[in-house]
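Asks: What shape does this take:
(2 chains)
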2 protein chains.
Amino acid sequence: MANEKMIALGENRSVIRDLFEYGLMRKKIVGEENVFDFSIGNPSIPAPKKVNDTLIHLLETEESTALHGYSSAPGDMRVRTVIAENINRRFGRNQSPADVYMTCGAAASLTISLHALLHEGDEVIVFAPFFPEYKVFIEKAGGKLVTVGAREEDFGPDLEGFKEALSEKTAAVIINSPNNPSGAVISHEDMKKLTDILKDAEKKFGKDLFIIADEPYRELAYGDTQVPYIMNYYENTLVCYSYSKSLSLPGERIGYVTVCHEAKDKDKIFAAICGAGRALGFVCAPVLFQKLLLTCHDQVADVSAYAKNRDLLFGGLSELGFECVHPDGAFYLFVKAPGGDDAAFGELAKQFDLLLVPSASFGLKGYMRVAYCVSEDTIRRSMPAFKKLAGACGITPKA
Amino acid sequence: MANEKMIALGENRSVIRDLFEYGLMRKKIVGEENVFDFSIGNPSIPAPKKVNDTLIHLLETEESTALHGYSSAPGDMRVRTVIAENINRRFGRNQSPADVYMTCGAAASLTISLHALLHEGDEVIVFAPFFPEYKVFIEKAGGKLVTVGAREEDFGPDLEGFKEALSEKTAAVIINSPNNPSGAVISHEDMKKLTDILKDAEKKFGKDLFIIADEPYRELAYGDTQVPYIMNYYENTLVCYSYSKSLSLPGERIGYVTVCHEAKDKDKIFAAICGAGRALGFVCAPVLFQKLLLTCHDQVADVSAYAKNRDLLFGGLSELGFECVHPDGAFYLFVKAPGGDDAAFGELAKQFDLLLVPSASFGLKGYMRVAYCVSEDTIRRSMPAFKKLAGACGITPKA
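Replies: You can find the predicted model right below:
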């Protein structure tokens, strides 16, 4: 008989995936244009033109066995070099190419980091609301998820709750800013306080504590929002990055994890990352997409469409009387479920063919995640449905 | 502190990788053309022309977000369909697209299969000589490696040893045919006997036992060698396949695992595969290379160069007096170490700038693995060095 835990993980599709599949079915019945699917975080803007041009150029000019051959397990050294330089230039750091390990995207960066750092029974602190797969990844690595809440007014971290959650069993903290699902970005002030608390805990418990920074949405910050670079606050940091959103290449699986050059026992941590990548069967990150980064590491897809969507959706829903926190990044709007029951509200929204994800699966009840990585047209056309939904739950428009 | 086991795996580079790095260093000293590097299994023939043409065509014609977007976790359904059809056509099977799970290459297929099947403490039987990473993969999944030997005359499986190794704790058997490092292909007769033994053990122990067929070298079989398709002998089989060797795309990480349609509890096993892929952080296999398979699933790189290399090397070394089993597949020649000490013989070979891998790391002492995925010219030019090596260990050429 196969492993029961793995069977359960395979059989229980995520709520998001269920809703997405429902949407596909519903579209067949009422027509593609009549279903407003805000369920899934699949980028809706194309990769920069330079991305495909570069891929074609590589395929046309590079010798086949050199182009498609194995890279070393941590990645092509030239690629690791441009990434270290990119980080150093943008964030004033001192990263070496030897600190960068190329991965098959952010999920792989996370699992490799967790397997590298954790011992059986270690606790990993996560701030709710959070990406539901964190729980799966942490538990598979032998750890235990410990949840800390967020401030309701702005979805910043609950720092008092964080202090209380830290214990002798804590090994690491996952920070995801810009956040999925709330869109919140942790401010400089909060980051300073959070990392000070962690430094105190390191002294108190006499052990190294790690921050795992999950940063697939780093380039998706709007207006003059600054996204603090965590290594600048805390040295025992691993940054998990992905080009899924920044280059609109989610299916190609390319990213990296980098250990802060000044982390204590940096070499041991990096060795553990190599060991975990090896033991989990990653071999190397896809090499064509590694080589793409030689010239495209600093490209960013045109995210202005997301910014426009955010304004349209935030403005439209606020006007209708919905309460939502203004998101500074990512491509999610977190809307308070009128009445407080997110599951019931999600079902009600489905009656108007609005597919919104109830927040319970993100470790926090009472909200809806609205993924606005859709066409502007979808948002505009969805507004009458949102208006009906507001009416159905007795919300009154703002004066 | 990071996880000690992972640190050790990251710090202890494989013997093969060490030798390869030594070769790079040595080439700088004595010149590229004077080092005969037979250490690494990196394909030396280009991908079929149709592969790059198809990749370019996809990049030039497909809409970006559709081309590079996430596929579902088990893979693009159209791709899974052509793969199931390919298997059914070639091997007379009855596989459904729903039995195929796309992966980031054979290593990922193996780790996902092992995590899906194993419970803590389960035993996995492997026939020596074997790919050294099996031990790493099995142990990471909570299992224990149990080794069975091979017949010395042809490196077929030691069937008596196999019977004895089976126990209540056995969960699975890994079969790798064509074999790395011996090049041996398991015959129809041996496969029949081996699977009959396994069926008896299923009855004796009252449990399902699985074969994990690791088949990256399936298309590399020479002359009229037939490589038995294990599902045709045994239903509780998972086939782990990779396009690394067949399409010469080792760095791109594309392959699949498929559960035999008639396996008992097939749906549960497939769910466990989905669960393991999810928990290990694979998300989906690289989508550009998935889509490549829509038209290139039946392409095979021109392996005639490997066949020619095999004949040259086997003929040349036999003539010099070395003992080697004639390999029917893969791109490895397994040569008996004169005197029996493979480590010492490996060091001696290095004196003549011949880089051969001692067999101890493959779970069997006394042999050398010679990877002949090199240029024909390298083999021809290496013969004088092999002649000196033969002289140095007192081997007399055949009459």
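Asks: so A:G41 sits right up against A:Y306, yeah?
Replies: No - using C-beta atoms under 8 Å, A:G41 is not in contact with A:Y306; the gap is 11.1 Å. Any C-beta I mention is one placed from the backbone N, CA and C, and that applies to glycine too.
Asks: Quick check: neighbours shared by those two?
Replies: Shared contacts of A:G41 and A:Y306 (C-beta atoms under 8 Å, 6 or more residues apart in numbering or on different chains): A:F331, A:C373.
Asks: residues touching the residue nearest the centre of chain A, list them.
Replies: For chain A, the residue nearest the mean C-alpha position is A:P216 (4.8 Å; C-alpha atoms, centre = their mean). The contact partners of A:P216, by C-beta under 8 Å, 6+ apart, come to A:A106, A:N180, A:C240, A:Y241, A:S242, A:S244, A:K245, A:G255.
Asks: pLDDT score for it?
Replies: Note for A:P216: predicted pLDDT of 96.
Asks: That one - that's part of a helix, no?
Replies: No - using DSSP: H, G, I helix; E, B strand; the rest coil, the secondary structure at A:P216 is coil, not a helix.
Asks: in stretch A:53-71, what's buried?
Replies: Across stretch A:53-71, burial judged by 16 or more other C-beta atoms under 10 Å in any protein chain shown covers A:T54, A:L55, A:I56, A:L58, A:L59, A:S64, A:T65, A:L67, A:H68, A:G69, A:Y70, A:S71.
Asks: measure that stretch end to end?
Replies: 22 Å (C-alpha to C-alpha, to the nearest Å).
Asks: ok, it near chain B or not?
Replies: Yes - applying C-beta under 8 Å from any C-beta of the partner chain, one finds stretch A:53-71 in contact with chain B at A:L55, A:I56, A:L59, A:E60, A:E63, A:S64, A:T65, A:H68, A:G69, A:Y70, A:S71.
Asks: burial of A:R90, as a residue count?
Replies: Per other C-beta atoms under 10 Å in any protein chain shown, the neighbour tally for A:R90 reads 11.
Asks: any idea how far it lies from chain B?
Replies: 24 Å (C-beta to the nearest C-beta, to the nearest Å).
Asks: Do you know the pLDDT at the residue lying closest to that residue once chain neighbours are set aside?
Replies: Counting by C-beta to C-beta, 6 or more residues apart in numbering or on different chains, A:Y229 is the residue found nearest to A:R90 once chain neighbours are left out, at 7.8 Å. Per-residue confidence (pLDDT) for A:Y229: 98.
Asks: CA atoms only for stretch A:264-272, dumped as PDB, please.
Replies: What follows is stretch A:264-272, C-alpha atoms only, in PDB (Å, rounded to 0.1, in the frame of the first residue of the first chain):
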ATOM      1  CA  LYS A 264      26.700  32.200  10.700                       C
ATOM      2  CA  ASP A 265      27.900  28.900   9.400                       C
ATOM      3  CA  LYS A 266      27.100  30.000   5.900                       C
ATOM      4  CA  ASP A 267      29.200  27.300   4.300                       C
ATOM      5  CA  LYS A 268      27.500  24.600   6.300                       C
ATOM      6  CA  ILE A 269      24.100  26.000   5.400                       C
ATOM      7  CA  PHE A 270      25.000  26.100   1.700                       C
ATOM      8  CA  ALA A 271      26.300  22.500   1.900                       C
ATOM      9  CA  ALA A 272      23.000  21.500   3.500                       C
END
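Asks: list the buried ones in it?
Replies: A:K266, A:K268, A:I269, A:F270, A:A271, A:A272.
Asks: Return the list of helices and strands in contact with the lowest-mean-pLDDT helix or strand in chain A.
Replies: Least confident helix or strand of chain A, by mean pLDDT, DSSP states H and E, is helix A:15-30 with a mean of 89. Of the remaining helices and strands, those touching helix A:15-30 by 3 or more C-beta pairs under 8 Å, 6 or more residues apart in numbering or on different chains; DSSP states H and E are strand A:36-37, strand A:354-355, strand A:357-358.
Asks: same thing but at 10 Å, please
Replies: Under the contact criterion of 3 or more C-beta pairs under 10 Å, 6 or more residues apart in numbering or on different chains; DSSP states H and E, helix A:15-30 touches strand A:36-37, helix A:342-351, strand A:354-355, strand A:357-358, strand A:367-371.
Asks: buried ones in it?
Replies: Burial within helix A:15-30, assessed by neighbour count using 16+ other C-beta under 10 Å, is assigned to A:V15, A:I16, A:L19, A:F20, A:G23, A:R26.
Asks: roughly how far is that helix from the heart of the chain?
Replies: Remark: helix A:15-30 is offset 23 Å from the chain centroid, using C-alpha atoms, centre = their mean, to the nearest Å.
Asks: export that helix as PDB, just CAs?
Replies: Written as PDB, here are the backbone C-alpha positions of helix A:15-30 (Å, rounded to 0.1, in the frame of the first residue of the first chain):
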ATOM      1  CA  VAL A  15      -9.600  24.800  -2.400                       C
ATOM      2  CA  ILE A  16      -8.100  27.100  -5.000                       C
ATOM      3  CA  ARG A  17      -7.700  24.300  -7.500                       C
ATOM      4  CA  ASP A  18     -11.200  23.100  -6.800                       C
ATOM      5  CA  LEU A  19     -12.600  26.500  -7.500                       C
ATOM      6  CA  PHE A  20     -10.600  26.800 -10.700                       C
ATOM      7  CA  GLU A  21     -11.900  23.500 -11.900                       C
ATOM      8  CA  TYR A  22     -15.500  24.500 -11.000                       C
ATOM      9  CA  GLY A  23     -14.900  27.700 -13.100                       C
ATOM     10  CA  LEU A  24     -13.800  25.600 -16.200                       C
ATOM     11  CA  MET A  25     -17.000  23.500 -15.900                       C
ATOM     12  CA  ARG A  26     -19.200  26.500 -15.300                       C
ATOM     13  CA  LYS A  27     -17.700  28.400 -18.300                       C
ATOM     14  CA  LYS A  28     -18.900  25.500 -20.500                       C
ATOM     15  CA  ILE A  29     -22.400  26.000 -19.300                       C
ATOM     16  CA  VAL A  30     -22.900  29.700 -19.200                       C
END
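Asks: That helix to strand A:367-371, inter-axis angle?
Replies: If you take axes from the mean of the first three to the mean of the last three C-alpha atoms, to 10 degrees, helix A:15-30 sits at 60 degrees to strand A:367-371.
Asks: Mind listing residues that contact helix A:15-30?
Replies: By C-beta atoms under 10 Å, 6 or more residues apart in numbering or on different chains, the list of residues contacting helix A:15-30 from outside reads A:12-14, A:32-42, A:132, A:181, A:343, A:346, A:350, A:353, A:355-362, A:369, A:371, B:72-73.
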